[in-house]
Each structure stands twice: as structure tokens, then as C-alpha cells.
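> sequence unknown, structure follows:
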């Protein structure tokens, strides 16, 4: 396709060397709804083998049926990733089925709008275990696979704009997302020390219209009021961003993408 100046894509950008993952295996956590669900469907349509996990078996079955309806490849396994042994079991299943993980989407996460001066240790612990420890262990296991299979792969951590500023009464939730910043950079540094070709990226969305928001606020009315004031991102918007990141040329690593709704003020 040429533009008005008679230039085509290669004239403007050079020969295409975009990464392709068709036929490779992607493990997607938190795939029962929202961003993870849309990433799974988009990846399957692109010819990627999807191994999806989440806490709800019925929702994973719905996802599986959806992907099988357009002849995508998918396996599912419900797991609570707060338990270390469940993570090991999950990766063992992927290895037995498809040999290992080449792309990891660390999407599973949750948040509660609770203050640091409130007595909410159980909610703090749940956020820390889900948002920090689980993705760290998943990345460790996935990179072990990638190193054995040609030292090539991609880890994408779903972070948040809350990992770049602290919303009111969200000190602990933000702390877990700031930790994802450290995890992403820490993995990148360690892989470079090993002279590995594995890439690590993160996506930091603003407000996305998913089931996360009512859980975060603990109130459907508050989340609906917020979304009515802006035109929020969709889960598919973020899924497309993830796909754009992983399909860049191997020589290019996108480290962090901050993506807000146009009308979001902060």
C-alpha cells in the first residue's frame, strides 16, 4: 500500500522483521474475564497455542468453547496462583501437553481500595501474593522453559497506572504495582547478564471497563459512575497492545506502555 507521496510501508519503515509466534505456546494467567480473556482469544486467532488459567473453571470452559468455535488451540487449567505448588503443577501440565512456555502473560491480579491505616491485613496479603509473588514465580518457571528452548521468548507483565502514581486509599495496591516495575526491570537486567535473547515488557493501563473495577471499589455504583464520566479503555484495547508489544522485531524490547483513556485526568 502506498501513500500520496508514492511511498510504501518498506520505504517508510524498512523491511518488515516482525516477530511471529504462530504455533508457539502462550500461558495466560487471569484468563477467566477482562484483559486475560481477550488476550487468549486474540492469540488463538493469531495461531498461538493458548494455555489459560484462572480461578473459575466454568469461565475457563466458556473461554475454551469460544476459542474452539473458531478452531483455535487451547488448554485450560483452573488454579489459585497464590499457592506455590499450584504454579508448579500448572507449568508441569503445560510441559506435558506442549513442551513448555514461549510467551507468558502475567495478567492475574486483583485490587482493593483499602487504606494503610485500616485493619485489612488479609486483603493486603491477598494482593501481595496474587500481584507480586505469583507473577514472579510464573516468570521464573516460564524463563526456565524459554532458556531450554532456544533461549527465546517473551514475558509480559500487566501492571497499572497505579504503578506510576498512588490513587487515594490505594497505598498497598499501588505498592504491588510498583513492585511489578521492579520485577520487570530486575528480570531484564538478569537476562542481559546471562546474554539471553528473552524479552520482558509490561503494560500499564489506566481505567479499563472490566470486572476488576467493581471489585476494587467494592461497589458497582461507584465504578459505574466513574466509567460514565470518561470513555474507558476496553479489554480488547489492552489485548491488542499486548500483541503489538510481542510482535515487534526481536532486536526491539518495549519496556513499558502507559495507556490511558483519552479523557482520564490522571
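That came through, no problem. Since we're looking at a predicted model, the values are computed, not measured.

> for the rest of this, base every contact and every neighbour count on C-alpha atoms.
Noted.

> residue 141 looks like it's in a helix, true?
Yes. According to DSSP: H, G, I helix; E, B strand; the rest coil, residue 141 belongs to a helix.

> run a quick neighbour tally on it.
Neighbour count for residue 141, taken as other Cα atoms under 10 Å: 19.

> next one: it from residue 126, what distance?
Look at residue 141 and residue 126: by Cα to Cα, to the nearest Å, they are 21 Å apart.

> name the surrounding residues that touch stretch 121-134.
Identification of contacts with stretch 121-134 by Cα atoms under 8 Å, 6 or more residues apart in numbering yields 81-82, 84, 87, 108-112, 172-173, 176-177, 179-180.

> now do that stretch: distance to the chain's middle.
17 Å (Cα atoms, centre = their mean, to the nearest Å).

> could I get the buried residue list for it?
123, 124, 126, 127, 128, 129, 130, 131, 132, 133, 134 (16 or more other Cα atoms under 10 Å).

> and the last one, which of the three is it?
In other words, residue 134. Relying on three-state DSSP, one would call residue 134 helix.

> now do it, the pLDDT please.
Residue 134 carries a pLDDT value of 98.

> residue 231 versus the residue nearest to residue 120 when sequence neighbours are not counted, what's the distance?
In this structure, residue 120 finds its nearest non-sequential neighbour in residue 114, 7.2 Å apart by Cα to Cα, 6 or more residues apart in numbering. Applying Cα to Cα, the value for residue 114 to residue 231 is 25 Å.

> which one of those two has more residues nearby?
The neighbour comparison of residue 114 against residue 231 (other Cα under 10 Å) goes to residue 114, with 20 against 15.

> and that one, that's in a strand?
No. Remark: residue 114 does not belong to a strand; assigned using three-state DSSP, it is coil.
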